[in-house]
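Trainee: how would this look folded up:
(chains A and B)
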Amino acid sequence: MTTSVISAAASTRTTASAQGSIELRQVRKTYGDVVAVDELDLVVEPGEFVTLLGPSGSGKTTTMMMVAGFEEHTSGSVLIDGKPVDSLPPRDRNLGVVFQNYALFPHMSARENVEFALRMRKVPKAERRQRADSALERVGLGTMGDRKPRQLSGGQQQRVALARALVFNPAALLLDEPMAALDKRLREHMQEEIKTLQKSLGISVLFVTHDQDEAMAMSDRIVVMKDGRIVQSGPPEEVYNHPLTDWVASFLGDTNLIPCTVLERKDGEALVDLGGLGLGRVRDRGVAGENYAVSIRPEHLKFSSEASADNCGKAALVSSTNLGATVRHRLTAGGHELQVRELSSDATNRPAPGAELFVTWEPDKAQLLVLEQ
Amino acid sequence: MSNATLQRARPEGRAPAPEQEKPRRRRTTWWLLLAPILAFDVVLFLSPLGKLVGSSFTGNAYQRVLEDPLVVRSLINTLSISLASTVVTVVLGYVIALVLWRSGTVTRVILFAVVLLPFWTGILVKNFAWAVLLQDNGIVNSFLQTVGLTDAPIELLHNRLAVIIGMVHCLLPYAVFPIFSSLTSIDDRLALAARSLGAKEASIFRRIILPLSTPGISAAGLLVFIISTGFFITPVVMGGPGDMMIANQIDYYARQLTDFSGAAALAVILTVLVSILVAIYQRVLKAGGQHADN
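Mentor: Below you'll find the model as predicted:
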């Protein structure tokens, strides 16, 4: 199954892609005294792939369930294609949903599963079968129509679930941790396939996951959620490279957080006092708050043989661990523990643990953050 | 899915480890663990059963009982009453199981108690309670008269309907639990998925819930039918002379006629007959299942 098969088959789809927006306005969901989702504003533009990323209990699944109509929101409004759907039951919202365990009907063949939505829409038998078969072909399962879900592998089951969610040309696709049950290699493969399928169909996707790699790999925009609220929203690179808070920085990958005080701000940079690490220049986002920290990703810290005026700290190497593609170095510097990650191919002639060396970074790669935790 | 994983895993060289030392030890343990129940079964079940089957072949017992028109009548009664009770019990049981499945915790506990109470009550108590309710000056008849539906009491007791009512009451728990457990094993998300695909509640029931609970229905049907063929007290307490079942004949042969080989022959006939019916039932179910597959 190659991705090119998908895109070739998908291009035959006739529906226009200029529809399928999802909008949440001030949506709030409470269970008794517990606030699951709080005053959420979110827009998925037509054709956009938006990921709700957050730890469990952050309200991301609840949010998706409210869009699907399985959960009723306490207040606020949900709009699909600009029309409020608050009073519409799930069956009238015209959304394709793929569940975490796929929720395929075990007593029906793959084809019958895909046909289900068409049967519910009273599509004549011949057309139903033809559309179901072409949807199965689209996901590369053209010959598997007669198999029962239990006779299919996890990846194939997921494709059936995708075909079933797409066959009735829904306004948008909702995916609830659809890759959680797959092993790592298959998961990466399916990420690419789903992304390709989504692009070629031009369909809007609201994707829910707690896996930051998955969010990075697939999204046009990542919406980071915590405690029922959106903490940050933006393109993957922006959220990763320029997190707004220390929590976002550490939730999306590893980072070095160094407490600091701001001395001066000018020309988009800030001069900060990093305590034991000396003075440093970092990217200034103009954040307001009392407690600041500087976040530098481990891969943005570089070793240097000689000292420079600023953006440079003296450090002692504690340990080096080869992780295959990369090497992780642990260091102590001015009372802080630091992590440096570099490509294995670059990590030649590194000193033994205990050696003293310098670390340095580019101002743009260091982010000034408000301390949230 | 697990099959596929297994098949994929095997070529990578993880053949099942050759077992050498373990099985011998395991076999000894196996026998030791089985010994008490085997001894119990041989002494208290198999040997009396053998004796019973043996005595049924003495003195032309089969010919004697099968020439008795009352026996033939009772056999037909047994099958028709059991069949009717089974159908009514499974239908009612399904409704109760559905309500149990759909209800919240508190309602569920109360309903469970209501279903289990007759289960823990003696069959005599239940049948006499029904007799009290259904008798000429019982609650049901006085209600009908007060409302004005009838002038005189209706004959509600000592007929076939009464037998079936009494039996269904005793049999209900045996239908409710298998069906309930097959309902609870249905993934809640299937209904959500169906809903998102455009299904209304009626279609969800007909196309998802009902087909997926058929294992419970067939198990309940089998269990209830087998139990109902052995009913003995209910036909006596609630039935008329024409509603006697095979168990009543066995009692008659053993105690009134003291014809033990005749009673044994009747027991064997009932067992064989029910076994044949069960075999047919399972064959039909299997064929139905295969048909649904295609």
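Trainee: where's the nearest residue to A:T63 once chain neighbours are set aside, which helix or strand?
Mentor: Residue nearest to A:T63 in three dimensions, not counting chain neighbours: A:V37, with 5.5 Å by Cβ to Cβ, 6 or more residues apart in numbering or on different chains. Every residue, glycine included, has its C-beta placed from N, CA and C. In this assignment (DSSP states H and E), A:V37 forms part of strand A:34-44.
Trainee: which strands border that strand, and is each parallel or antiparallel?
Mentor: Within its sheet, strand A:34-44 is paired with strand A:22-31 (antiparallel), according to DSSP bridges.
Trainee: list the contacts for the residue nearest to A:T63?
Mentor: Shown in contact with A:V37 (Cβ atoms under 8 Å, 6 or more residues apart in numbering or on different chains): A:27-29, A:59, A:62-63, A:66, A:73, A:228.
Trainee: can you give me the helices in the stretch 101-250 of chain A?
Mentor: Ranges of helices in the stretch 101-250 of chain A, per DSSP state H, counting those that start in this stretch, are A:110-120, A:125-138, A:154-166, A:184-201, A:212-218, A:236-241, A:246-251.
Trainee: and the pLDDT for the residue nearest to A:T63?
Mentor: Looking at A:V37, its pLDDT stands at 94.
Trainee: give me the PyMOL select line for the contacts of A:V37, limited to the buried ones.
Mentor: Command for PyMOL that selects the buried part of these, burial taken from 16 or more other Cβ atoms under 10 Å in any protein chain shown:
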select buried, chain A and resi 27+28+29+59+62+63+66+73+228
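Trainee: save the contacts of A:V37 as JSON lines, and put in pLDDT and distance to B:C170 too.
Mentor: Output for those, formatted as JSON lines (pLDDT from 0 to 100; distance: Cβ to Cβ, whole Å):
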{"residue": "A:V27", "pLDDT": "95", "distance to B:C170": "53"}
{"residue": "A:R28", "pLDDT": "95", "distance to B:C170": "53"}
{"residue": "A:K29", "pLDDT": "95", "distance to B:C170": "48"}
{"residue": "A:G59", "pLDDT": "93", "distance to B:C170": "51"}
{"residue": "A:T62", "pLDDT": "94", "distance to B:C170": "46"}
{"residue": "A:T63", "pLDDT": "95", "distance to B:C170": "51"}
{"residue": "A:M66", "pLDDT": "95", "distance to B:C170": "48"}
{"residue": "A:H73", "pLDDT": "93", "distance to B:C170": "49"}
{"residue": "A:G228", "pLDDT": "93", "distance to B:C170": "53"}
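Trainee: now render the contacts of A:V37 as JSON lines, adding distance to A:L186.
Mentor: Formatted as JSON lines, those follow (distance: Cβ to Cβ, whole Å):
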{"residue": "A:V27", "distance to A:L186": "34"}
{"residue": "A:R28", "distance to A:L186": "37"}
{"residue": "A:K29", "distance to A:L186": "33"}
{"residue": "A:G59", "distance to A:L186": "28"}
{"residue": "A:T62", "distance to A:L186": "28"}
{"residue": "A:T63", "distance to A:L186": "27"}
{"residue": "A:M66", "distance to A:L186": "30"}
{"residue": "A:H73", "distance to A:L186": "35"}
{"residue": "A:G228", "distance to A:L186": "32"}
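Trainee: give me the residue at the spatial middle of chain A.
Mentor: Nearest to the mean C-alpha position of chain A, by Cα atoms, centre = their mean, lies A:A215 at 1.9 Å.
Trainee: would you map the strands across the stretch 201-350 of chain A?
Mentor: Ranges of strands in the stretch 201-350 of chain A, per DSSP state E, counting those that start in this stretch, are A:204-209, A:221-226, A:229-234, A:256-266, A:269-273, A:279-283, A:292-296, A:302-304, A:312-322, A:326-333, A:336-343.
Trainee: most tightly surrounded among those?
Mentor: strand A:204-209 (a mean of 26; mean count of other Cβ atoms under 10 Å in any protein chain shown).
Trainee: so which of the strands of the stretch 201-350 of chain A is nearest chain B?
Mentor: strand A:204-209 (13.0 Å; Cβ to the nearest Cβ).
Trainee: same question for that closest one, mean pLDDT?
Mentor: Mean predicted lDDT for strand A:204-209 stands at 96.
Trainee: run a quick neighbour tally on the closest residue in space to A:R341 that isn't next to it in sequence.
Mentor: On the basis of Cβ to Cβ, 6+ apart, the spatially nearest residue to A:R341 that is not a chain neighbour turns out to be A:P298, at 3.8 Å. Applying other Cβ atoms under 10 Å in any protein chain shown, we find 18 residues neighbouring A:P298.
Trainee: contact partners for A:P298?
Mentor: A:254-256, A:328, A:339-341.
Trainee: give me phi/psi at the residue in the stretch 251-373 of chain A that chain B sits nearest to?
Mentor: Using Cβ to the nearest Cβ, A:G324 is the residue of the stretch 251-373 of chain A that sits closest to chain B, at 20.5 Å. In this entry, A:G324 is assigned phi and psi values of phi 100, psi -100 (degrees, to the nearest 10).
Trainee: count of residues packed around it?
Mentor: A:G324, neighbours per other Cβ under 10 Å, totals 6.
Trainee: that one and A:D213, how far apart?
Mentor: Distance of A:G324 to A:D213, given as Cβ to Cβ, to the nearest Å: 15 Å.
Trainee: now B:T58
Mentor: From B:T58 to A:D213 the distance is 80 Å (Cβ to Cβ).
Trainee: for the secondary structure element (helix or strand) that B:V224 belongs to, what is the average pLDDT?
Mentor: Following DSSP H and E, one finds B:V224 within helix B:214-228. For helix B:214-228, mean pLDDT is 94.
Trainee: over to stretch A:362-373?
Mentor: Stretch A:362-373 comes out at a mean pLDDT of 79.
Trainee: can you pull the buried residues of that stretch?
Mentor: For stretch A:362-373, by 16+ other Cβ under 10 Å, it's A:363, A:365-370.
Trainee: in strands only, show me these.
Mentor: A:366-370 (DSSP state E).
Trainee: just the helices from the stretch 51-200 of chain B, written as ranges.
Mentor: B:61-66, B:69-102, B:105-120, B:123-134, B:139-147, B:160-184, B:188-196.
Trainee: if you count contacts, what does the fifth one end up packed against?
Mentor: Secondary structure elements in contact with helix B:139-147, counted by 3 or more Cβ pairs under 8 Å, 6 or more residues apart in numbering or on different chains; DSSP states H and E, are helix B:123-134.
Trainee: then the helix it packs on to PDB, C-alphas only?
Mentor: What follows is helix B:123-134, C-alpha atoms only, in PDB (Å, rounded to 0.1, in the frame of the first residue of the first chain):
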ATOM      1  CA  ILE B 123     -40.600 -23.100  43.500                       C
ATOM      2  CA  LEU B 124     -43.500 -24.300  45.700                       C
ATOM      3  CA  VAL B 125     -43.800 -20.900  47.300                       C
ATOM      4  CA  LYS B 126     -43.700 -19.200  43.900                       C
ATOM      5  CA  ASN B 127     -46.300 -21.500  42.400                       C
ATOM      6  CA  PHE B 128     -48.700 -21.300  45.400                       C
ATOM      7  CA  ALA B 129     -48.400 -17.600  45.400                       C
ATOM      8  CA  TRP B 130     -49.500 -17.600  41.700                       C
ATOM      9  CA  ALA B 131     -52.300 -20.000  42.600                       C
ATOM     10  CA  VAL B 132     -53.500 -17.500  45.200                       C
ATOM     11  CA  LEU B 133     -53.400 -14.600  42.700                       C
ATOM     12  CA  LEU B 134     -55.100 -16.500  40.000                       C
END
